[in-house]
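Participant: Sequence plus predicted model, see below.
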Amino acid sequence: MNKKLVLISLLTFLALMSALQIVNAATITSATLDKNTYLAGQTGYISVTVYNDKSDKIRVTELSTTINYYYKGGTIYVQKFFYPTELLPDEILAGQSETYQISISLPTDIAAGYTNPVVEAKTDVWIPQAERWMTSDRPVYQLRLYIESPYKQLYESSQEYLQEQKTANANLNNTMNMLAATTIVFASATAFLVFSVFSRRAKPVPQQ
């Protein structure tokens, strides 16, 4: 009887040890920004695809991105954005992928240039032998985010304003030209009608 208990305990221990050695249950296969360039103060999102490369299901328990901000004064500020916790955990079947969107927002006084957001996923893997979830690996993925210079923003805004003014002036000129042409046509038609009326009145009445 004792031998059976020892054997069962040994098998249970081996199963747990093998479960603890499970790695790379999930992989972040891609992470992309919704814009090529960002402006200070803008919001956006990162699309993150998590792939389950194991023979059993996994679940994503946390998904986040960390961004190191460089302010105009040179101060570094680290901010972390999370995928909504109310939508997690989310299960992914073996061999399947799921895509998530993490919302981000940039400070209004962020310095122009490049920064490298890091996306991280926390996952659990299902252990059939133990019939329970077990904490697994935490895959990461690094991006490259570009913030445009505020001077470029001002220049582009001024160019857009000038273009809007040119378009408005062109539309106004077209309207004035059309109004002038309509006025000329109307005046010509009126003159023709007046001339026709007076011409008819000027004809002598034939006498009997």
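Facilitator: It's in.

Participant: separation between the residue nearest the centre of the chain and residue 100?
Facilitator: By Cα atoms, centre = their mean, the mean C-alpha position of the chain lies nearest to residue 34, the distance being 3.4 Å. Distance from residue 34 to residue 100, counting by Cβ to Cβ, to the nearest Å: 13 Å. For the C-beta atoms, the positions are set from N, CA and C on the backbone; glycine is no exception.

Participant: Mutual contacts of these two, please.
Facilitator: residue 47 (Cβ atoms under 8 Å, 6 or more residues apart in numbering).

Participant: re the thing from before, could you tell me the phi and psi values at the closest residue to the residue nearest to the centre of the chain other than its chain neighbours?
Facilitator: Spatial nearest neighbour of residue 34, chain neighbours left out: residue 44 (4.8 Å); criterion: Cβ to Cβ, 6 or more residues apart in numbering. In terms of degrees, to the nearest 10, the main-chain angles of residue 44 are phi -170, psi -160.

Participant: Residue 44 against residue 102, yeah?
Facilitator: No. In this structure, residue 44 is not within contact of residue 102 by Cβ atoms under 8 Å, at 9.7 Å.

Participant: okay, the two: which has more neighbours?
Facilitator: Neighbours were counted for residue 44 and for residue 102 using other Cβ atoms under 10 Å; residue 102 has more, 19 against 15.

Participant: give me the beta-bridge partners of residue 31?
Facilitator: Beta-bridge partners of residue 31, counted by DSSP bridges, are residue 48.

Participant: Tell me the pLDDT of it.
Facilitator: Note on residue 31: pLDDT of 97.
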